[in-house]
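Student: Below are the sequence and a predicted model for it; my questions follow.
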2 protein chains.
Amino acid sequence: MSPMKQATLQSHFATHKDRFIEEWQDFLRFPSVSTNAERKAECARCATWLADHLAALGFTTRLIPTESHPLVFAERAGKPDSPTVLFYGHYDVQPEDPVSLWKTPPFEPTLINDRMFARGAQDNKGQLFAAIKAIETLIRADALHVTLKLLIEGDEETGEMPIIKVLHREQAALAADIVMAADTSAVSSGAPTITMGLRGIVHLTAVLSGPDHDLHSGVHGGRIPNPANALCRMIASLHKDDGRVAVEGFYDNVQDPTPEERALANAQPIDPAWYKTVTGLLPVGGELQYTPVERSGFRPAIDLNGIHSGYGGAGSKTIIAAQAMAKISARLVPGQCPERILKLITRHLQQQVPNGLTLAITEQGAGGAALRVALNSPAVVTARRVLGEISPLPTAFLWEGASVPILSHLPAIAGGDVLLVGFGSEEDNIHAPNESYSVEQFRMGFLYTGLFLNQLGNS
Amino acid sequence: MSPMKQATLQSHFATHKDRFIEEWQDFLRFPSVSTNAERKAECARCATWLADHLAALGFTTRLIPTESHPLVFAERAGKPDSPTVLFYGHYDVQPEDPVSLWKTPPFEPTLINDRMFARGAQDNKGQLFAAIKAIETLIRADALHVTLKLLIEGDEETGEMPIIKVLHREQAALAADIVMAADTSAVSSGAPTITMGLRGIVHLTAVLSGPDHDLHSGVHGGRIPNPANALCRMIASLHKDDGRVAVEGFYDNVQDPTPEERALANAQPIDPAWYKTVTGLLPVGGELQYTPVERSGFRPAIDLNGIHSGYGGAGSKTIIAAQAMAKISARLVPGQCPERILKLITRHLQQQVPNGLTLAITEQGAGGAALRVALNSPAVVTARRVLGEISPLPTAFLWEGASVPILSHLPAIAGGDVLLVGFGSEEDNIHAPNESYSVEQFRMGFLYTGLFLNQLGNS
């Protein structure tokens, strides 16, 4: 069996591009917003569509129920003695709000200047589907020799992991030599990128309650604690003036990068002008004694993801609101235990509650610990060679600030090295209005996945 | 002309009570929410209804247009040489949200156990309408001898005063010996109450902007300033740990009460158990070195009336929101210039903006300075006598924490002493869901207004 040539894959892509795009749009039309209970049926329909799609390619597929959304599991045996790859992805997407800021409807995928606009266009449906189309191409060309398992979940965006229980039950079926995923981004230069680290994540919802109804702020202002003011003080107390987190014990056991890791990370510095173009802001927040890439790659952080209390409409409404609510999350690095960090943040907040008010943590989740991949992992070495074939640019190594919680659990269950290569870009606006993914990014994901899986089976 | 007897008024009330209630409900059905531009036509319809109602009682009425909602002005000449009274009220109401917490629809007034539930049931439609029914009764009994002017506006709840321009133009028409209003509350014992002071008010909306769209908090957390976190720090910085306002210059020129005022105020202490029953909270906030009545009566305060940023739905959405918005108001005491306080708060906030973020004050209003009435005012002396006739309880003197901005301007324009007697109660839930006003409170307002206006004309 001769290895598949890049030119063959390129030609196949050109021939089938229109169909690939139509099928990708079919996938994007499902409003599979996993955090919204009202979209449960839509998530299930999306999972069924995906399982049917993979079955048509020759996979043995199963929908595995969880306490939340179903898992799609697909398997196809390869040559005897070839390695086993477990490909992980997710079919669920972030909520689409605020809908008013979308220029095209979030669940009516629209191709504009060769960019697909839709919720999930990139994260993760776009990246995942590019890989599926590469796999389809290898299968039809009799060039997929590895044993390939796909595990595609519907709870990645919830911060919860109902699938963990299932994974332990299915440990034998999941066994693999390599756990790979396409849910990451390339560096801003566009150079192919291997993601060497992900931050862990915990989140909680804090509700601070005071009076049993909204009070007139004239009658009562200055004589009772105002839950909205108090929650702001509590949130403010999470950080010191210099940007460091002020929660006691938060930095205990934080594992610093090696000098080599730090050097490779800083070899991909963030260009401030580029950063401002894509975010509207310079990277001037947080612990300024670290470089921006070090801050997101090697340092933990606490962010407020939302705060809501009282009046927000036009004009004024002079009330002291009965409650104030904050959604808080922390990004973690190796050495930080998610459950412990949740406890530390909760204890810190409890210690700040003023006399008269009551704090409830109404929801919380320990999404997963951080991941850091070894630079000399064989999967990393192979991927680097393939990426060198499809791009003239030297491969970049990225320690990512984002989290894919399941990837801190999956390798422990399935075995194997972790390999994270993705073609996302800052301008894709994932988690925000007008998410998009270009056909060119899709094509790069297609080429890489096709060559990597083919070469792995030929080695 | 003999003075009207209390018994005559009582009997008249009993005879006409059902009709009074039906007309009161007609008044409450108008959703005259002045801060909501979409309700402009409803406010105008309410004003027209009110003007027609007063015309039918024998008043010469005018609708005076303003830049916002129309003023209702009604006038009826009294005996020669009798004093002139300018009665002030407002037909606009607070927004009804959150609607989901109302047990009956806010604009379908519902009488339950002799309490009327509706937005505006008390503030100010209920208190105003009780006075109008007393005036109607005096007119029909030929017992209204004063020259009576009613000035009923539609912008009291907006924090803006578009009527100020009109009032200066109409100064001659407004001239009066006494400016009275029924927009205040009685002390918790239920004793008749003369309000001797009102706090002033200023308000502003602060919008803190960062990235040009919501960002992924994993990718960016810890390397850019988070507008929601930063706004919380800015809000927190408005107060010191001991509850004092930290804005520089905020307390300059604050006029402390006289020992007599302080003693009279503290003669009506807040019973903590009662306070907790009606608010759900003990009065344990603010400057604890002052008593609760001193805190709201003689001390200024800053309160957050609303804060909104980012995600607020179910589950988690791990974003750094592009913007955070806060609605802030301050209650003022004599000596504090509203415009100056607005400037001080704005300057303080501007000084706290972290590098990278931008603060905009998108809306602001200087509602009016504080009001403090002299204890020896002739109107106060007469009212105290009347209140002694209708209640066995000694009259209470109250320095109120709330604001009626126009009452800091109206006396200066119309001339005359200010007299504020109202029968509101904490359980009326004004500005909150399930606002209500009892028929008994309505009856007390009716009796007091009838006797006071009659005696003033007979004196």
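Tutor: Everything's here; your move.

Student: What is the longest helix seen in chain A packed up against?
Tutor: Among the segments of chain A that qualify as a helix by DSSP state H, the longest is helix A:6-28. Packed against helix A:6-28 by the contact rule (3 or more C-beta pairs under 8 Å, 6 or more residues apart in numbering or on different chains; DSSP states H and E) you find helix A:40-56, strand A:115-117, helix A:125-140, helix A:439-458. All C-beta spots, glycine's among them, are computed from the backbone N, C-alpha and C.

Student: From the rest of the structure, what touches the shortest one?
Tutor: If you take C-beta atoms under 8 Å, 6 or more residues apart in numbering or on different chains as the criterion, strand A:115-117 is touched by A:21, A:24-25, A:28, A:103-104, A:109-111, A:126, A:434-439, A:442.

Student: rerun at 6 Å
Tutor: A:Thr104, A:Pro109, A:Thr110, A:Ser436, A:Tyr437, A:Ser438 (C-beta atoms under 6 Å, 6 or more residues apart in numbering or on different chains).

Student: related to what we said a few turns ago, with respect to burial, which of the helices and strands packed on helix A:6-28 scores highest?
Tutor: helix A:125-140 (a mean of 25; mean count of other C-beta atoms under 10 Å in any protein chain shown).

Student: hey, what's A:Trp399 bridged with?
Tutor: With beta bridges defined as DSSP bridges, A:Trp399 has these partners: A:Gly197.

Student: from what I can see it touches A:Ala265, true?
Tutor: Yes - judged on C-beta atoms under 6 Å, A:Trp399 makes contact with A:Ala265 at a distance of 5.2 Å.

Student: Which one's more surrounded, the two?
Tutor: A:Trp399 (25 against 22; other C-beta atoms under 10 Å in any protein chain shown).

Student: which residues sit in contact with the more buried one?
Tutor: Here A:Trp399 is in contact with A:Met196, A:Gly197, A:Ala265, A:Gly297 (C-beta under 6 Å, 6+ apart).

Student: shouldn't the second one be in contact with A:Arg372?
Tutor: Yes - checked against C-beta under 6 Å, the pair A:Gly197 and A:Arg372 is within contact range at 4.4 Å.

Student: still on that earlier bit, what does the average pLDDT come to for the longest helix of chain A?
Tutor: Across helix A:6-28, pLDDT averages out at 97.

Student: do stretch A:47-58 as well
Tutor: For stretch A:47-58, mean pLDDT rounds to 98.

Student: again, but for stretch A:349-366
Tutor: Rounded mean pLDDT across stretch A:349-366 is 96.

Student: Might you calculate how far it sits from the centre of the chain?
Tutor: Chain-centre distance of stretch A:349-366: 28 Å, with C-alpha atoms, centre = their mean, to the nearest Å.

Student: hmm, that stretch touching chain B?
Tutor: Yes - using C-beta under 6 Å from any C-beta of the partner chain, stretch A:349-366 comes into contact with chain B via A:Asn355, A:Gly356.

Student: first vs last residue of that stretch, how far apart are they?
Tutor: 17 Å (C-alpha to C-alpha, to the nearest Å).

Student: in that stretch, what counts as buried?
Tutor: Within stretch A:349-366, the residues that count as buried by 16 or more other C-beta atoms under 10 Å in any protein chain shown are A:Leu349, A:Gln352, A:Val353, A:Pro354, A:Gly356, A:Leu357, A:Leu359, A:Glu363, A:Gln364, A:Gly365, A:Ala366.

Student: out of those residues, who's nearest chain B?
Tutor: A:Gly356 (4.3 Å; C-beta to the nearest C-beta).

Student: now that we have the contacts of A:Trp399, which one has the most neighbours?
Tutor: A:Gly297 (28 neighbours).

Student: what about it, helix or strand, and which?
Tutor: Assigned by DSSP states H and E, A:Gly297 belongs to helix A:292-298.

Student: what's next to the helix or strand that comes right after that helix, contact-wise?
Tutor: Downstream of helix A:292-298, the first helix or strand assigned by DSSP H and E is strand A:301-310. With contacts defined as C-beta under 6 Å, 6+ apart, strand A:301-310 is touched by A:228, A:235, A:238, A:245, A:319, A:321, A:324-331, B:217, B:221-222, B:226, B:228-229, B:305-312, B:318-320.

Student: relative orientation of the strand or helix carrying A:Val386 and helix A:439-458 in degrees?
Tutor: Assessed by DSSP H and E, A:Val386 sits inside helix A:378-390. Counting by axes from the mean of the first three to the mean of the last three C-alpha atoms, to 10 degrees, helix A:378-390 lies at 130 degrees to helix A:439-458.

Student: Helix A:378-390: how far from the chain's middle?
Tutor: Using C-alpha atoms, centre = their mean, the offset of helix A:378-390 from its chain centre is 23 Å.

Student: And the average pLDDT for it is what?
Tutor: For helix A:378-390, mean pLDDT rounds to 93.

Student: what's the angle between that helix and helix A:6-28?
Tutor: 110 degrees.

Student: Show me whatever sits in contact with both of A:Trp399 and A:Ala265.
Tutor: Taking C-beta under 6 Å, 6+ apart as the criterion, A:Trp399 and A:Ala265 both touch A:Gly297.

Student: list the buried ones in the least confident helix or strand in chain A by mean pLDDT?
Tutor: Across the helices and strands of chain A, the lowest-confidence element by mean pLDDT, DSSP states H and E is helix A:406-414, at a mean of 86. Buried residues in helix A:406-414, counting neighbours by 16+ other C-beta under 10 Å, are found at A:Ile406, A:Leu407, A:Ser408, A:His409, A:Leu410, A:Pro411, A:Ile413, A:Ala414.
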